[in-house]
Every structure is written in C-alpha cells, then in structure tokens.
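[1] Predicted model and sequence follow; I will ask about them next.
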Amino acid sequence: MSKTNSEREFDVIVWGATGFTGTLVAEYLMRQYGTDGDLKWAIAGRSKEKLEKLRQSLGVRPGDLETIVADSFDKDSLANLARRTRVVLTTVGPYALYGSSLVDACVEAGTHYCDLAGEVQWIRKMIDQHQARAQQTGARIVHCCGFDSVPMDIGVWFLQDAAKQRYGAYCKSIALLVKATKGTASGGTIASMMNLIQESRKDRDVARILVHPYSLNPEGERDGPDKRDQQSVLYDKNAQSWTAPFVMAGVNTKVVRRSHALLGYPYGKDFRYREAVMTGDGAAGWVKGATMTAAIGGLVVGASFAPTRKLLQTFILPDPGEGPSPELQKTGFFNLMQIGELPDGTLIQTRITGDQDPGYGSTSKMLSECAVCLAKDAIAVGGGVWTPASAMGGLLLERLRKNAGLTFEIRD
C-alpha cells in the first residue's frame, strides 16, 4: 500500500534534472535549501551517468543527494517515482509528448505535481481526464508554474487583494502590459509551440481549444465577457501607449480565468482580463507594434508548414535543452505593468518585476518555489487540477518575494 503524501521519503523530486532548465532548478534548490536542511529532495532522469555528473557538479556527496532513474514511457518507473515523494517537479517537455504518463502516476499516488506546461490543449486534456480522480486521491496538479503563468496569475491575485483592502471592491477589469523583457526564448517552449501548431492543424478541436478564451475553465463554466486575445495593434488610453499582441497571452489569460472560476468568481462573472505588449506612444509606437504583430504572424505561418518549420528549427529557433549563458541569465529581467479598473472607474496600477531572464533564470526559481510551497506550506485546497493562484495564492506570493527575486508592488 502506498504511503500517504505526508509520509513520503522526499518532499520534492526534480524530474528532468539533467536538462537545461532542470539543472537550473537543481542548482537553485542547492543554493536556497541545500541537502541537510528541512527540504528533502532528489534528482531524477533517464541517465544514471548524467545524474551522477550533475550531482558532482553541485558539489554533493553521493549519500546526500539521491539520483533516481526512470523513463517517461515506462509507467512502472514513473509510478515508483511518484510514490516516493510529496511533489514531482518536472521540466520534461513538450508535455503533450512526454508528460501524460507522469501526471497519471502522480494522480494515482496522491502526489502533488507542478510543471512548466504552456500547452493549452494538453492542459485541457489533463483537466478533463484527471480532475475527478485527483479530488479523490488528494493530488494537487498545478500546471504553468514558470513565466507562463506565475507572474500574471499571482499578479492578478495580488492586485485584487490590494484593491479590496484599499477601496473595498474588486477590479472589474485588469490589463497586463509587458513594458520590457531581456532574455531568450526557451528551446523547450519553442518545441512545445511547434508541437501545438502541428496538433492544431491536424485537429480542429485542438484549434478551437487554443482560441477559446475560457477553454480551461471548469466544464459548464466556459463562457464569459472576454473575447479572443489581441490580434492587432491597439491603443491603450489608460497606459497612453500603443500595444501589440503578447505571444504568451494565449496561455496566461486562460489560466487567470480558470483561477477566477476555481476561486468562486469573487470578482464577478463580468470580470475581464487581457494582456498585450507596450510599444510606446505616437507614430513610432504604432510602427513598433505593427512590426511585432507582423513578426508573430510570420512565425506562426512559418511554423504551420513542414518545409518552413524545418528551416526555422534548423537555422533560427533554439533546440530543446539549449539556453543562454549564466551571464545572460543574470543580466536578464522582466518588467510588467497591471492596470486595474474598479466599478466606479478608479484605476489602480501595479508593477511586477523579475531579476533574471524570464525563460530560464526566473522560471527555474518560480517553478522551484511552487514545488516547495506544495510540499511544505499549509495549502487550504484539496486535490484537483489547480492553477498557481487558486492553489497557493498568498503563500506563493510570499515565497516569490522572499526567495525568487520577484517584486509585486502598488504604484501610487
């Protein structure tokens, strides 16, 4: 009989630890928590040799950090892995290709789970397949625990909490605007996007899930006032800036709406949320926005056809496992602005920042703190397929501020 979640050998197992992002996670956990403290963690992957090399690079003796060998397509090895830990943290994507059996194993073992998935069609599949069973076993399944979608999801939670405290009311709408970022796209994220585009071209149901604004909401609650994510250059009068489509909005906006639904619609059924990239005022701002919009459109079109997709993957886009140098990670950052509007028209603005590049440095820290929060903190919700905000809310906000280099602040 499997041990209960609180009796497990480990608090966290890092699955995919020898990959680029997995290694960053292991390095962060080593710096932040060590191996002789309150957090009991281990590293796991397909290759014993690579795991041992990683352990050695971390400067840890064999007896102080266990290495676990398993395989994404060996269900018995995944089941054994899941039974040994309270939380599985996984960086192994594209999740639609490599992640489903691991979620199955965690749900059946009552093991909490977090990932970096931004694949809406796959997340919807996991919700439909596992929500009821996860509620029974107590497994908390939390997708989107990196740059998509922790800053945005927790940011809305933070802004609405501040609005309620200051004004006694929640915002009826929130716009998240990307002011500035420095960093490179994750090779894993690119691979996931390519797989997503291929799936959507083969299956019209997948395409519908990708464009439906409420496709991640609970069954029977997949409607509301929001329409499709921004597709063109638009002027934002509150920000006094032209804006362009944000490539990650297609994930983030759906996660925020699912959070709102899972929390019981505290902001009202007419709550609206959108995301975009600020490009500046005047003619120059419009031109920059138009250029960004065209670039995104060109990338999607190019990725939609096998010959051009192959060219993009060969000559332009990073491969899975590739990433920036440590120096580039450290000099990266992100700067986001939220503008909330209360029912009486009052505006409230917040600033969200991260101190490393969003795709790797900051993401590895956010994912790690999500796992530790799931393992160690007194989370109020039971089992189910959750979002970062609906599962962890203020507990995760505190960890992100304290440990992960993120700031969330009201701008007066």
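    Done, it's in.
[2] Mind checking what secondary structure Ala26 has?
    Secondary structure, DSSP: H, G, I helix; E, B strand; the rest coil: Ala26 is helix.
[3] how many other residues sit next to Asp344?
    By the measure other C-beta atoms under 10 Å, the count of residues near Asp344 is 8. (Glycine included, C-beta is placed from N, CA and C.)
[4] Repeat that for the one 3 residues further on.
    Other residues near Leu347 come to 10 when the count uses other C-beta under 10 Å.
[5] Look up how far Glu341 lies from it.
    Using C-beta to C-beta, to the nearest Å, one obtains 6 Å as the distance from Leu347 to Glu341.
[6] Touching both of the two, which residues are there?
    Counting by C-beta atoms under 8 Å, 6 or more residues apart in numbering, the residues touching both Leu347 and Glu341 are Asn238.
[7] Name the nearest residue to Asp355, sequence neighbours excluded.
    What sits nearest to Asp355 in space, not counting adjacent residues and going by C-beta to C-beta, 6 or more residues apart in numbering, is Gly405, at 3.6 Å.
[8] Buried residues in stretch 204-223, which are they?
    206-207, 209-210, 212-217, 222 (16 or more other C-beta atoms under 10 Å).
[9] let me fix that: stretch 169-183
    If you call a residue buried by 16+ other C-beta under 10 Å, then stretch 169-183 has these buried ones: 170-178, 181, 183.
[10] what's the closest of the residues you listed to Leu116?
    Proximity of the buried residues of stretch 169-183 to Leu116 (C-beta to C-beta) peaks at Gly183, which lies at 14.7 Å.
[11] Against Met248, how distant is that closest one?
    Distance, Gly183 to Met248, by C-beta to C-beta: 13 Å.
[12] shaky segments in this structure?
    Along the chain, segments meeting pLDDT under 70 span 1-2, 184-197, 200-201, 299-325.
[13] Could you list the domains of it?
    Domain ranges of the chain: 5-146+361-404, 150-357, per automatic domain parsing.
[14] Highest mean neighbour count across those, which stretch is it?
    Of all the domains of the chain, domain 5-146+361-404 has the most neighbours on average by mean count of other C-beta atoms under 10 Å, namely a mean of 21.
[15] Of all the domains of the chain, which one is nearest Arg411?
    Nearest to Arg411, of all the domains of the chain, is domain 150-357, at 4.4 Å by C-beta to C-beta.
[16] Who are the contact partners of Thr137?
    Thr137 makes contact with 107-110, 383, according to C-beta under 8 Å, 6+ apart.
[17] Please apply the same query to Leu89.
    Contacts of Leu89 by C-beta under 8 Å, 6+ apart are 12-15, 25, 114-115, 367-368, 370-371.
[18] Just give the closest residue to it, not the sequence neighbours.
    Counting by C-beta to C-beta, 6+ apart, Ala371 is the residue found nearest to Leu89 once chain neighbours are left out, at 4.1 Å.
[19] Restrict the helix or strand where the one you found lies to CA atoms and write it as CSV.
    Secondary-structure element containing Ala371, defined by DSSP states H and E: helix 363-376. What follows is helix 363-376 as a C-alpha-only set of coordinates in CSV (Å, rounded to 0.1, in the frame of the first residue of the first chain):
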residue,chain,number,x,y,z
THR,A,363,11.4,30.5,-14.4
SER,A,364,13.6,28.0,-12.7
LYS,A,365,13.2,29.9,-9.4
MET,A,366,9.4,30.3,-9.8
LEU,A,367,9.0,26.6,-10.5
SER,A,368,11.2,25.6,-7.6
GLU,A,369,9.2,27.7,-5.2
CYS,A,370,5.9,26.3,-6.5
ALA,A,371,7.2,22.8,-5.7
VAL,A,372,8.4,23.8,-2.2
CYS,A,373,5.1,25.6,-1.5
LEU,A,374,3.2,22.5,-2.5
ALA,A,375,5.4,20.3,-0.3
LYS,A,376,5.8,22.4,2.8
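[20] from the middle of its chain, how far away would the helix or strand that that helix is followed by be?
    Following helix 363-376 in sequence order, the next helix or strand is strand 384-386 (DSSP H and E). Relative to the chain's own centre, strand 384-386 is displaced by 14 Å; criterion: C-alpha atoms, centre = their mean, to the nearest Å.
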